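Undergrad: Following is a predicted model, sequence given first.
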Protein chains: 2
Amino acid sequence: MRTTDMPLIRRSRLFAQVGEPDLAAMLAACFVQTLPASATLCRQGEKAEFLHVVLSGRVGLFGSAGHEEALVEFFGAGDAFIVPAVVLDAPYLLTARMLEEGRILMWPAAAFRAQVRATGALAYGAVLLLSGYWRTLIGQIKDLKLLSAIERLSAFLLALAPRETGPVTVTLPGGRRLVAGRLGITPQSLSRAFAALRPLGISGGGRQVTIVDPARLREFAGARALKGPERRD
Amino acid sequence: MRTTDMPLIRRSRLFAQVGEPDLAAMLAACFVQTLPASATLCRQGEKAEFLHVVLSGRVGLFGSAGHEEALVEFFGAGDAFIVPAVVLDAPYLLTARMLEEGRILMWPAAAFRAQVRATGALAYGAVLLLSGYWRTLIGQIKDLKLLSAIERLSAFLLALAPRETGPVTVTLPGGRRLVAGRLGITPQSLSRAFAALRPLGISGGGRQVTIVDPARLREFAGARALKGPERRD
DNA sequence: GGCCGGATTTGATTCAAATCAAATAGTCCG
DNA sequence: CGGACTATTTGATTTGAATCAAATCCGGCC
């Protein structure tokens, strides 16, 4: 573990309420790994071995059925995923893969389980984290059930943008292929959706996308869109 | 609060680790309400006033956009919903409605927030509960993104059935209209999906559905289906 | 028992998005 | 810088599910 890791660790909601001495004791059982892009952190169906806390880099959570695979969610610094599988000691429902190089805190499952049970502050941090995830997932389910592909893309872009009025350039959390998966559509459909939004002032190149007038996009999406979509932070 | 409520309260995962004296202190701030079918517990967009714990009856969580509405999940005895909105002090993302008469424990939001922060055992219970919900929601997202309507119905029925071999009769958690919403399809499509499964030994009447040979259905669904779908319990 | 009103089924048609199929634009390497 | 691979766009076609439209079933109630 590097000294530069500590601030990253402290920044995670998971540890927000944990005191210094407790934190030190917890981390004694853990180690940090630098992983390259495409490295697999865990595989759907396997038994939970470690809790992973993202210190840097982006991670994608994928669900698979047969030979199909779909990105379920992007995770980034501060996120601790697989908490549920670890806590319930159940097999992973998802496969986690690094989308780029990053550092991951590895926390042995049994140790984590014991520590959440014993340390209220850690459990409270987990509640905050899981609460944020619940809201993210609910938002996604609502999008999938109630919005069209174009509306989902609009909502997704707006969630990425600071809620200002002026033109904004947002950075997609992954390539188009991955964004398409997150939105539950094919890359071809995503491309068409972007094309459909171009007249509304969306210009895209690579993972940079510029929204000329967020208010206009919000109005377009908002006609049918959901209230209170806000992003976990 | 009736004396018959206590066993129901104790049965919820939320309180599994909470000791008697703590529990009594917590419940002092709460009250129990009997609510009729269709009663609304909370409305999307509003600020969290209460945490609700279902003691009996079924509750539906609905997301809405514009004038469309879709059922996101069924909840039943032991479930505490809206935990995330309460903990994060954020507006509800969903509307909760009684699907039948039932009793609900009402817990003032501020009191609950203070108590999760203060009581490790309660926080731990919340972690367990939220972990289960995470898995349920992830399962649903995977279904929506990877399976066809018929496959989703198959998976849904199998999740309802005890994992035996012989013929089983399962009870749908709500009318066909609601089940359709949960599966992300229209009632008409649900009807066609049931029709498509009839040759595989699925006979339906009202909310009772009989699966002649779960293994055969599992095989059919399993050809493309997900591993480890299991239901929260 | 027989009627009313909503829920489910069935049929015909439409439509959004997937799939099939190239063409084009980017990127990484040597 | 050029080649090879991958990612993205664009076009044509198919298809799963929605929508439109009845018909039928059902439960509650007088």
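TA: Perfect, I can see it now.
Undergrad: average model confidence for the biggest helix by length in chain A?
TA: The helix that spans the most residues within chain A, counting by DSSP state H, is helix A:120-146. When pLDDT is averaged over helix A:120-146, the result is 95.
Undergrad: relative to helix B:120-146, how tilted is it?
TA: Between the axes of helix A:120-146 and helix B:120-146, defined by axes from the mean of the first three to the mean of the last three Cα atoms, to 10 degrees, the angle is 30 degrees.
Undergrad: quick check, distance from helix A:120-146 to the centre of its chain.
TA: Shown here is helix A:120-146, whose average C-alpha point lies 11 Å from the average C-alpha point of the whole chain (Cα atoms, centre = their mean, to the nearest Å).
Undergrad: How about that helix and DNA strand C, touching?
TA: No: with Cβ under 7 Å from any atom of the strand as the criterion, DNA strand C is not reached by helix A:120-146; the gap is at least 10.0 Å. Bear in mind the C-beta positions are built from the backbone N, C-alpha and C, glycine included.
Undergrad: Same question for stretch A:192-207.
TA: Yes: counting by Cβ under 7 Å from any atom of the strand, contacts between stretch A:192-207 and DNA strand C involve A:205-206.
Undergrad: how long is that stretch from one end to the other?
TA: Distance between the boundary residues of stretch A:192-207 (Cα to Cα, to the nearest Å) amounts to 16 Å.
Undergrad: for it, the distance to its chain's centre please.
TA: On the basis of Cα atoms, centre = their mean, the separation between the geometric centre of stretch A:192-207 and that of its chain is 23 Å.
Undergrad: tell me which residues in that stretch are buried?
TA: For stretch A:192-207, the buried set under the neighbour-count rule, 16 or more other Cβ atoms under 10 Å in any protein chain shown, comprises A:193-194, A:197, A:200, A:202, A:204.
Undergrad: Please apply the same query to stretch A:75-86.
TA: Of the residues in stretch A:75-86, A:75, A:77-86 count as buried by neighbour count, 16+ other Cβ under 10 Å.
Undergrad: what does stretch A:62-76 give?
TA: A:62-65, A:69-75.
Undergrad: In strands only, show me the buried residues of stretch A:75-86.
TA: When strands are assigned by DSSP state E, the members of the buried residues of stretch A:75-86 inside them are A:75, A:80-81.
Undergrad: quick one: which of those is nearest to residue A:144?
TA: Residue A:144 lies nearest to residue A:75 out of those, by Cβ to Cβ, at 18.9 Å.
Undergrad: If we ignore the residues flanking it in sequence, what's nearest the residue most central in space within chain A?
TA: Most central in chain A under Cα atoms, centre = their mean is residue A:75, positioned 2.7 Å from the mean C-alpha point. Leaving aside its chain neighbours, residue A:75 sits nearest to residue A:59 (4.5 Å; criterion: Cβ to Cβ, 6 or more residues apart in numbering or on different chains).
Undergrad: Tell me which residues touch the one you found, please.
TA: A:41, A:52, A:74-76, A:79, A:81, A:96-99, A:102, A:104 (Cβ atoms under 8 Å, 6 or more residues apart in numbering or on different chains).
Undergrad: Give the other helices and strands that the helix or strand containing residue A:113 contacts.
TA: Using DSSP states H and E, residue A:113 sits within helix A:109-118. Under the contact definition 3 or more Cβ pairs under 8 Å, 6 or more residues apart in numbering or on different chains; DSSP states H and E, helix A:109-118 sits against strand A:50-54, helix A:83-88, helix A:120-146, helix B:120-146.
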